[in-house]
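S.K.: Give me a model of this one.
(2 chains)
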Amino acid sequence: MSAELDAEKASDAELQELYHDVLVDYYKDTARQGRLDPHDVRAHGVNPVCGDEVELTLRLKDGKVDAVRYGGQGCVISRASTAMMTEALEGGTLADARAMALAFKAFMTAGAPPESLPEKLSESAALAGVRKFPLRVKCAMLGWNTLLRGLDDLSKGGHDAEYQDTPICQTGAQRKDMVTFKQIGDAVGPIKDPEIHVSVAELGLIYGAEIKPSDAGPGTRVKLIMSLTSPACPYGPMLLASVHGALAKIPGVRDVDVDLSFVPTWDPRTMASEEAKDQLGIF
Amino acid sequence: MTFDARRARADFPIFNRRVNGKPLSYLDNAATTQKPGTVIKALTAYYERHNANIHRGVHTLAEEAERLVEESRAKAARFINAAKPENMVFTRNTTEAINLVAHGWARKHMKAGTEVLVTELEHHSNLVPWQLLARDRGVRLRQVPVDAQGRVTVEAARRTITPKTRLFAFSAMSNALGTLTPVKELVDVAHQNGSLALVDGAQRVPHLKTDVQAWGCDFLAFSGHKMLGPTGVGFLYGKPEVLETMDPFLGGGGMINEVWFERSTWGPVPQRFEAGTPAIADCAAFGAAVDYLEACGLEAVHAHEMALTAKLLEILRAEEGVTVYGPTDIAERGGVVSFNIAGVHPHDVGQLFDSEGVAVRVGHHCCQPLMRKLQTGGTARASVYLYNTEDDIEAFARGLKKVISFFKVGAKA
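M.R.: Residues are numbered from 1 along each chain as shown, chains lettered A, B, ... in the order given. From the prediction side, this is the model:
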């Protein structure tokens, strides 16, 4: 019986964690709900499986996000995540927005530590409990994926983007022959920066990952976006080679891309885990 | 005669497991049902003792396999009171049965400018096949409106049907709201207007005595997995004189009379519509599901289900901030209850119920047009079957209380 009672307790604790108070507050918050007219960017996203929907409108001024509003409907997780996102976007540049989106994606789907979230997104750490419920990760990502689609569209001169979430059968997490984000995390996790001997994941150097079916044949294409401790890091090529090698060894992987990104610039004070900071002597 | 659900429950191995440390309260029966041990054993027995391909086998195993499949066909025919087993076409599910009518009958007999009539209650599976037909053939697709309680009345059907209507395809029971429709009367409306009638029986056949001869419908589609059977087995019942006029849907082995390189002649009904190797084990095991339901007695099962449904409705209606959809008169409902809790998204409702071991379905239930009409994105839905007990209803009530206290429903933000 005690194992069952434990399971029951664990489940209730997980539930409390999933529906963190902060999330319920953001869900009920209406400050940024609505629609901006006129606007510079509009992006509309749906998850056809659950019917959740989000409409983002952004107004830009001097290269920065002046105001953001969101409409649509969704569960606590998707609405709260979107509310936090819109709050964090205001006042930042579009590059900041993209960097936040990648950092948040890495946090939700690749097991990056909460410390790796940019300062403005620190409240989003309350979404950590969602990671235990794979079906709900999509809820937390809907607003962000819609934003990324809108930003992509804007960079091509568009102002009105559509995002549709992929059905479960097409996502890595659910398909046996597709690689999962956890597998990527496990593969990259043990790799240490050759100079400072701390794990690259703990350092917060992994900015994001994408999993897609390979277009060259059966198997998966994995794209990892990572940074280096400095652009001139002499060990860069060596580190990239070991990350590349570790990813290529994952069963089911056909192609590997490791892309370097220095936006945002790596900052151990905000990106590294507490443990890594200890090892680096940052307090 | 009262039905002993607790005893029936013991026949279903899945109830030995726990969910989040709690006993499983499975209230998602409108999506699919659990399987009794006899059905699971029939599946393994087929593979362990009889596995062979059907059609043209002269060896012992092939004859046994063929006999098992044909016995299931005969049981399905008896279950809905079809005149003959040959009126029953094996399909994968209700969706495939409806698509078979869209391809084999409608594409042959319906000309541009004619109409398919459906209702606003329909599941996407009784909507999208007709949209595809409309696009390809210039056929019009029209809907009988539902009233505020989600009911389809005979008067509304009479008002909507026209002399151009060639097929009236409607659900006998709504999967999203639980509404029962007046099947016999709607079939009559179709026939009085020179139209055929297709009944989507997916939700009704598993729960209520069905008599296709009394209804007089031309087609009835239903699924085995919603009535204790394996997935991968469904049926299209068709009147023989209508099935005879239909073209095949899929071509291949098992459905022909003679084949030359250039042309073929079609085999007899129903094999004409059953190209290729079917899901033989599942077809065979479906028979065990019918046996189980007949042993329980469908009338006793239905009375039991409706007693539980009345309790669900009572629990939900007692809470402030809860909206219950569908007919207010329980006599117009089956064992499906759709609801929303003010300010809480159905997904979050489902997650909290799950933490109590209660499985309910959330979302649009493949009825997006109906949800739009109800002005909601989705609902939470509880649906009962013969193995549900008072304990499940109590667990449901606990889940509901938990949602309300957790999200502080009614409290000011």
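S.K.: So what's the residue count around residue 234?
M.R.: Assuming you mean chain A. Applying other C-beta atoms under 10 Å in any protein chain shown, we find 10 other residues in the vicinity of A:Pro234. For the C-beta atoms, the positions are set from N, CA and C on the backbone; glycine is no exception.
S.K.: meant chain B actually
M.R.: Residues lying near B:Gly234 (other C-beta under 10 Å) number 26.
S.K.: do the one 4 residues further on as well
M.R.: Using other C-beta under 10 Å, B:Gly238 is surrounded by 32 other residues.
S.K.: next one: A:Ala103
M.R.: Per other C-beta under 10 Å, the neighbour tally for A:Ala103 reads 23.
S.K.: swap in B:Glu299?
M.R.: 12.
S.K.: Who are the contact partners of the closest residue in space to it that isn't next to it in sequence?
M.R.: The shortest distance from B:Glu299 to any non-neighbouring residue, by C-beta to C-beta, 6 or more residues apart in numbering or on different chains, is to B:Lys209 (6.6 Å). By C-beta atoms under 8 Å, 6 or more residues apart in numbering or on different chains, the residues touching B:Lys209 are B:298-299, B:302.
S.K.: ok, now B:Asn340?
M.R.: Taking C-beta under 8 Å, 6+ apart, we find B:Asn340 in contact with B:322-323, B:325, B:346, B:349, B:376, B:379-380.
S.K.: let's see 6 Å
M.R.: B:323, B:379 (C-beta atoms under 6 Å, 6 or more residues apart in numbering or on different chains).
S.K.: burial of residue 117, as a residue count?
M.R.: This is for chain A. Using other C-beta under 10 Å, A:Leu117 has 24 neighbouring residues.
S.K.: meant chain B, my bad for not saying
M.R.: Look at B:Leu117: counted by other C-beta under 10 Å, it has 27 neighbours.
S.K.: returning to what we had before: what's the closest of the contacts of B:Lys209 to chain A?
M.R.: Checking the contacts of B:Lys209 against chain A by C-beta to the nearest C-beta gives B:His302 as the nearest, at 31.3 Å.
S.K.: Next, the closest one: secondary structure please.
M.R.: helix (DSSP: H, G, I helix; E, B strand; the rest coil).
S.K.: B:Val69 versus that one, what's the distance?
M.R.: Distance of B:His302 to B:Val69, computed by C-beta to C-beta, to the nearest Å: 29 Å.
S.K.: the more surrounded of those two?
M.R.: Each of B:His302 and B:Val69 has its neighbours counted (other C-beta under 10 Å); B:Val69 has more, 25 against 17.
S.K.: Can you name the next helix or strand after the lowest-mean-pLDDT helix or strand in chain B?
M.R.: Comparing every helix and strand of chain B by mean pLDDT, DSSP states H and E singles out strand B:256-259 as the least confident one, with a mean of 83. For strand B:256-259, the following helix or strand on the C-terminal side (DSSP states H and E) is strand B:264-266.
S.K.: Which elements pack onto the helix or strand harbouring B:Arg78?
M.R.: Element membership for B:Arg78 (DSSP H and E) is helix B:60-79. Packing contacts for helix B:60-79, counted by 3 or more C-beta pairs under 6 Å, 6 or more residues apart in numbering or on different chains; DSSP states H and E, involve strand B:88-91, helix B:280-296.
S.K.: any weak-confidence spans in the stretch 201-350 of chain B?
M.R.: Low-confidence segments of the stretch 201-350 of chain B (pLDDT under 70): none present.
S.K.: Which helix or strand contains the residue nearest to B:Glu299?
M.R.: Assigned by DSSP H and E, B:Lys209 belongs to neither a helix nor a strand.
S.K.: Distance-wise, check it relative to B:Val349.
M.R.: B:Lys209 is 33 Å from B:Val349, by C-beta to C-beta.
S.K.: And the residue nearest to B:Gln203 when sequence neighbours are not counted, its phi and psi?
M.R.: Closest residue in space to B:Gln203, ignoring its immediate chain neighbours: B:Met173 at 4.0 Å, by C-beta to C-beta, 6+ apart. Phi and psi for B:Met173, reported as degrees, to the nearest 10, are phi -160, psi 130.
S.K.: OK, contacts around B:Met173?
M.R.: Taking C-beta under 6 Å, 6+ apart, we find B:Met173 in contact with B:180, B:203-204, B:334.
S.K.: dump the residue contacts of the residue in the stretch 101-250 of chain A that chain B sits nearest to.
M.R.: Closest contact between the stretch 101-250 of chain A and chain B, by C-beta to the nearest C-beta, is at A:Cys139 (7.0 Å). Applying C-beta under 6 Å, 6+ apart, we find A:Cys139 in contact with A:75, A:77-78.
S.K.: Let's have those residues in CSV, adding secondary structure, distance to B:Val358 and neighbour count.
M.R.: CSV is the format used below for the contacts of A:Cys139 (DSSP: H, G, I helix; E, B strand; the rest coil; distance: C-beta to C-beta, whole Å; neighbours: other C-beta atoms under 10 Å in any protein chain shown):
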residue, secondary structure, distance to B:Val358, neighbour count
A:Cys75, coil, 17, 27
A:Ile77, helix, 20, 29
A:Ser78, helix, 22, 28
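S.K.: Check the residue of the stretch 51-200 of chain A found nearest chain B and give its pLDDT.
M.R.: The minimum distance from the stretch 51-200 of chain A to chain B, using C-beta to the nearest C-beta, falls at A:Cys75 (3.8 Å). pLDDT for A:Cys75: 91.
S.K.: wait, isn't it in contact with B:His345?
M.R.: Yes: judged on C-beta atoms under 6 Å, A:Cys75 makes contact with B:His345 at a distance of 3.8 Å.
S.K.: For residue 28, grab the count of nearby residues.
M.R.: I went with chain A, as the question did not name one. For A:Lys28, using other C-beta under 10 Å, the count is 16.
S.K.: My question was about chain B, not that one.
M.R.: Using other C-beta under 10 Å, B:Asp28 is surrounded by 20 other residues.
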